[in-house]
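**Q** generate a structure from the sequence data that follows.
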Amino acid sequence: MPGLPNSHNALAQRLLRALNSTRVISLTSSNLKKSSIIQTPKEFHSEVCRLVRSARDRISIASLYIGPGASALEKELLTALHDAKAQICILMDQNRGTRPVNATTSAQSVHAALKNEPVHLYQTLREPLKTILPSPLNEAAGVFHIKSYIIDNDLILSGANLSQEYFYDRQDRYVRVHGGDLVEFYADLVKILSTRAYQYPNDGTKASQEQFLNSIAKLFGQSTDKTDENVVAYAIPTFQHPNLRLPFTSDVDQIRNLLDATAKEGCSVKLASAYLNPTQAFISCLQKQHSCELLTAGPISHGFAPKAGVKRRGDSVPLYFLANSLDLKERNNLSVKWYNRLGWTFHAKGLWIISPAGHLVAAVVGSGNFGYRSEQRDIESNCVLIFPQENSPIQEAMLQEWDRLHVYAEEPMLHKPLGAHIRALL
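**A** Got it, this is the predicted structure:
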């Protein structure tokens, strides 16, 4: 692939070759710019609602779930969807989407907002788990976890769902792409996934597994790269499905291919994950890097932290993740920091790859947390971005994004001993 004749571009091309993919999508400064990085949950909510209200052609939403209208922010989005003039496709996880919340469900509320148009619900679990596991335990066994928000010619890739906390005080990441093949790719991906989903409230006819695999293989097999010297990033979208043998390189293998290549090049890695629970194979990839810094939710900002006055099953879950991050630091010699911000929870995930010369050469944005369940249980999609230029506005914005997250980073420390049940899990 042609590019600028410098060592940074040469490094970018080697990383690109290491990713075993024919689906490489070029992004120019018109697709991806400094303003593409949305910074806060409130800005995310405002932008999604603004785009939905102005939509003329299509609205294609893939999310774990959409808030059922229990807050003003959720109602604002549902009202915008109700009033939209565009064609709408909503795809959510079936188990999370039908979990009762205040006498309603996400699917029921969205269905009503869409004037009784069907809502697509993807079932990740197979029998017998699909039948025997009650709600919400069935969500622990696996969910549809992709988040992509397409309105007309705009795409927002994120790890955030569309509900109150993600609109207000749960920090995530949000990258907006305007126009081009990457927007169309994700629109096609949601369309293909919808063919294998249930249609709420009626089941409807689903595509066969063979039809689904053929369609998704064709989507990921297309070569769409352009020989454009104005490229600011090469995008390599990924996909992970726990129950299917994919006819192309999975997200898990693509991320490992990337990290194997960055280790050989002497790059440094910064990683954010809301729930830091990497497999041993992934830990080995991180240990090979020139340097590696991990940022995960601390006890103040953990998404599973107990809430005042609310006793829940699984309140030991955050303690397990916190202890696991300490274990990574102490046993595996990795730099681990806790994101602690009073009144906020941490849900950001992604990779920032820094070249030996100190420039951002690659990044990963999407739904995966780089942990066990992202690899083994959930349906995920990430997008790898390779930057052929040393400095561009989008690279600067992404580095600033990491810096804003890192402002709340603290050295990890548990103030009470671990119980035997937690130690047994480590």
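**Q** let me see the ranges of the helices in the stretch 1-150 of the chain.
**A** Counting by DSSP state H, counting those that start in this stretch, the stretch 1-150 of the chain has these helices, from start to end: 7-18, 41-54, 72-83, 94-97, 106-113, 129-132, 137-140.
**Q** most tightly packed of those?
**A** Ranked by mean neighbour count under mean count of other C-beta atoms under 10 Å, the helices of the stretch 1-150 of the chain are led by helix 94-97, which reaches a mean of 26. Backbone N, C-alpha and C define where each C-beta goes, glycine included.
**Q** does the closest residue in space to residue 237 that isn't next to it in sequence fall in a helix, a strand, or a coil region?
**A** The spatially closest residue to residue 237, leaving aside those adjacent along the chain, is residue 383, at 4.9 Å (C-beta to C-beta, 6 or more residues apart in numbering). Recorded secondary structure, residue 383: strand (DSSP: H, G, I helix; E, B strand; the rest coil).
**Q** residues contacting residue 383?
**A** Shown in contact with residue 383 (C-beta atoms under 8 Å, 6 or more residues apart in numbering): 157, 182, 235-238, 364-366.
**Q** top of the residues you listed by neighbour count?
**A** In terms of neighbours by other C-beta atoms under 10 Å, the contacts of residue 383 top out with residue 366 at 29 neighbours.
**Q** quick check: bridge partners of that one?
**A** Counting by DSSP bridges, residue 366 is bridged to residue 382.
**Q** surely it is in contact with residue 155?
**A** No. Taking contacts as C-beta atoms under 8 Å, residue 366 lies outside contact range of residue 155: 11.8 Å.
**Q** find the centremost residue of the chain, please.
**A** By C-alpha atoms, centre = their mean, the chain has its centre lying nearest to residue 367, at 1.4 Å.
**Q** roughly how far does it sit from residue 132?
**A** Distance, residue 367 to residue 132, by C-beta to C-beta, to the nearest Å: 27 Å.
**Q** repeat for residue 293
**A** 42 Å.
**Q** try residue 88
**A** 34 Å.
**Q** residue 232 now?
**A** Residue 232 sits 49 Å away from residue 132, going by C-beta to C-beta.
**Q** and residue 31, how many neighbours?
**A** Count around residue 31 with other C-beta under 10 Å applied: 24.
**Q** skipping adjacent residues, who's closest to it in space?
**A** residue 180 is the one closest to residue 31 (C-beta to C-beta, 6+ apart), at 4.5 Å.
**Q** any idea which element the residue nearest to residue 216 when sequence neighbours are not counted lies in?
**A** Nearest residue to residue 216 in three dimensions, chain neighbours excluded: residue 192, at 5.4 Å (C-beta to C-beta, 6+ apart). Taking DSSP states H and E as the criterion, residue 192 maps to helix 181-194.
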